[in-house]
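*Asks:* Sequence below, structure please.
(2 chains, ligands or ions: 2)
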Amino acid sequence: MQKFSALSLLRAGLTGHAGWQRQWRSPEPKSGYDVIIVGGGGHGLATAYYLASRYGVKNVAVLEKGWIGGGNTGRNTTIIRSNYLFDESAGIYEHALKLWEGLSQELNYNVMYSPRGVLMLAHNIHDVQSFKRHVHANRLNGIDNEWLSPEECKEFCPPLNVGGSMRYPILGGALQRRGGTARHDAVAWGYARAADALGVDIIENCEVTGIRRAPTGEVVGVDTTRGSINAKRIGVVAAGNTSTVMNMAGVRLPLESFPLQALVSEPVKPIFPCVVMSNTIHAYISQSDKGEMVIGAGTDVYTSYTQRGGLHIVNHTLDAICELVPAFRRLRMLRNWGGIVDVTPDRSPIVAKTPVSGLYVNCGWGTGGFKATPGSGEVFASTIAKDEPNKINAPFTIERFRDGAVIDEAAAAAVAH
Amino acid sequence: MLLINCPYCGPRPEAEFANGGQAHIARPADPMSLTDDEWAAYLYMRDNTKGLHHERWRHANGCGRFFNASRDTTTDVIKRTYRMGERPEAEHQGAKP
Ligand SMILES: Cc1cc2nc3c(=O)[nH]c(=O)nc-3n(C[C@H](O)[C@H](O)[C@H](O)COP(=O)(O)OP(=O)(O)OC[C@H]3O[C@@H](n4cnc5c(N)ncnc54)[C@H](O)[C@@H]3O)c2cc1C
Ligand SMILES: [Zn+2]
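*Replies:* Ligands and ions are numbered 1, 2, ... in the order given. Here you go, the predicted model:
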């Protein structure tokens, strides 16, 4: 792997930037691997990287039906935070946040993690009480989160409309200063490049169409559009398509797939210093380094695999944003798209073994899994390598629904993100 | 926004309707006789069909009635709507109803 540094940049600059190598190979699939990861999104690529770098499993392939990062990884609004209510969630999201802090150095790839602060707005008494409860719960878990008055919100994010005659006035907000954003494509590419350097085969345009099992039940490989490939262990990380892939092994999951949309405006000069989220009125907004306002909307009400959503859903979000930040009323929107998110009944993920020996699943991140990418990959790699969950992901089983041990961030947040 | 044909009122915009999730999931007649796995399957497990999917809708801001729709989740095209108590048409019964 060609190392990136100021010096290598300078050197390449002197020779017209002609000397850069490919970031990762494009190998033909081998006849078999120790571990096959199904899904080349951020979580799948991170899993492969940590398998090779931390858990000594290097004979690994990542199979991606399209191009890596072309799913939700490349479609999301990149909000990163760890201030979830329950201890189990705090464990896994904070594990991820700690990894984000050193990720660019670890991967030698600038993932542009920008801890600019995530401000979550409260618009009614219920919000105020629930966010203050979050602040206290987070502090007990050693996670930074603080309560801001409306005036302090305005001071932290001057474009906000505080006071006035809003339908849903800003009554305060919970601020996680270590929260922020990262560059979605760079996360996929950085993990792919680092995993490839450790010997992982990243195989694009390779859709898994079947999971093969021995008469004794355990997995032995996959069928793909590029032929059959043997595998001792298989990790499925297919986000919105997880139900479809797991059906191939006869495993049913508590998942439903919904369209979730985002849009970006024309680029403008720096105006918006942080990330602002409002679960109550469904508005999520930050400014990209290119100057575009990056806006996240809500999900549609019906399940779908179309990767697009209804226009009225984004309109609703734009209504809310025009009230929150009146200066944005004159902004034009440039692009709008959708991704398919896999939602569990309690809005917490499943990172676990399955009833099928050798088959593991990492799914259910729904509308909010980008922030977890490094942590999710790390604990999933550990689970696959050791054939047992580690402490952090042990609560995130499929069986928690049977056992009544749900991790109900759905109830805690009203809307997960 | 979908155009949904309420079997009682005719075609109306999606905004008038509430979605009720996968259709034809009957509440077990004798819950006490179920194992925990069976009860969890009833409460939480879903087909999440990619293809023809049967789902409940309620014309919440119209006649208020429940009905079912068969929709292709890869295109969002609604093939047919039908009243409660009816079954999806034979040709539409590819997936488990
Ligand atoms: C509009 C939008 C906004 C969002 N905003 C945020 C946010 O602000 N913050 C946040 O934390 N999260 C956010 N999310 C959620 C986040 O994007 C997801 O939870 C996360 O990206 C899931 O990661 P992944 O790598 O597992 O998924 P993906 O990137 O979707 O990767 C799954 C991959 O599996 C592949 N695949 C599927 N089936 C097969 C098959 N049969 N064979 C081979 N490959 C297959 C797909 O092509 C895909 O590339 C948002 C999502 C959307 C859609
Ligand atoms: Zn009606």
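*Asks:* Quick check: the residue of the stretch 301-417 of chain A nearest ligand 2.
*Replies:* In the stretch 301-417 of chain A, the residue that lies nearest ligand 2 is A:Val301 (16.6 Å; Cβ to the ion). Every residue, glycine included, has its C-beta placed from N, CA and C.
*Asks:* For ligand 1, see how far away the nearest residue to that residue once chain neighbours are set aside is.
*Replies:* The shortest distance from A:Val301 to any non-neighbouring residue, by Cβ to Cβ, 6 or more residues apart in numbering or on different chains, is to B:Asn19 (4.2 Å). Distance, B:Asn19 to ligand 1, by Cβ to the nearest ligand atom, to the nearest Å: 19 Å.
*Asks:* For the stretch 1-150 of chain A, which segments are assigned as strands?
*Replies:* A:32-38, A:60-63, A:118-122, A:146-148 (DSSP state E, counting those that start in this stretch).
*Asks:* And ligand 1, is the first one touching that?
*Replies:* Meaning strand A:32-38. Yes - shown here: strand A:32-38 in contact with ligand 1 (Cβ under 6 Å from any ligand atom) through A:Val38.
*Asks:* Quick one: residues in contact with that strand.
*Replies:* A:44-45, A:47-48, A:51, A:57, A:59-63, A:201, A:208, A:221-222, A:229-238, A:245, A:384 (Cβ atoms under 8 Å, 6 or more residues apart in numbering or on different chains).
*Asks:* repeat for the shortest one
*Replies:* Contact with strand A:146-148 is made by A:Leu119, A:Phe131, A:Lys132, A:Val135, A:Phe156, A:Gly172, A:Gly173, A:Ala174, A:Leu175, A:Gln176, A:Arg177, as judged by Cβ under 8 Å, 6+ apart.
*Asks:* so what's the residue nearest to the last one when sequence neighbours are not counted up against?
*Replies:* Nearest non-adjacent residue to A:Arg177, counting by Cβ to Cβ, 6+ apart: A:Gly117, 4.8 Å away. Remark: with contacts taken as Cβ under 8 Å, 6+ apart, A:Gly117 is in contact with A:Phe156, A:Leu175, A:Gln176, A:Arg177, A:Gly179, A:Gly180, A:Pro273, A:Cys274, A:Val275.
*Asks:* Show me the helices in chain B, by range?
*Replies:* B:36-44 (DSSP state H).
*Asks:* pretty sure A:Tyr406 contacts A:Arg400?
*Replies:* Check again: residue A:406 is Val, not Tyr. Yes - in this structure, A:Val406 is within contact of A:Arg400 by Cβ atoms under 8 Å, at 5.7 Å.
*Asks:* shared neighbours of the two, which are they?
*Replies:* Residues touching both A:Val406 and A:Arg400 by Cβ under 8 Å, 6+ apart: A:Asp346.
*Asks:* just to revisit the earlier point, buried among the contacts of strand A:146-148? Make that a PyMOL selection.
*Replies:* Per 16 or more other Cβ atoms under 10 Å in any protein chain shown, the buried members of the contacts of strand A:146-148 correspond to this PyMOL selection:
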select buried, chain A and resi 119+131+135+156+172+173+174+175+176
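*Asks:* mind giving me the domain ranges of chain A?
*Replies:* What automatic domain parsing lists as the domains of chain A is A:28-109+A:183-254+A:346-413, A:118-178+A:257-343.
*Asks:* among those domains, which is nearest B:Lys79?
*Replies:* B:Lys79 lies closest to domain A:118-178+A:257-343 among the domains of chain A, at 14.2 Å (Cβ to Cβ).
*Asks:* Between its first and last residues, how far does the closest one reach?
*Replies:* 23 Å (Cα to Cα, to the nearest Å).
*Asks:* go on, stretch A:264-281?
*Replies:* 18 Å.
*Asks:* Now do the same for it: mean pLDDT, whole number.
*Replies:* Per-residue pLDDT over stretch A:264-281 has a mean of 96.
*Asks:* Establish whether that stretch and ligand 1 are in contact.
*Replies:* No - figure legend: stretch A:264-281 not in contact with ligand 1 (Cβ under 6 Å from any ligand atom); closest approach 8.3 Å.
*Asks:* Buried ones in that stretch, by neighbour count?
*Replies:* So stretch A:264-281, judged by 16+ other Cβ under 10 Å, has buried residues A:Val264, A:Ser265, A:Phe272, A:Cys274, A:Val275, A:Val276, A:Met277, A:Ser278, A:Asn279, A:Thr280, A:Ile281.
*Asks:* out of those, which are inside strands?
*Replies:* A:Val264, A:Ser265, A:Val275, A:Val276, A:Met277, A:Ser278 (DSSP state E).
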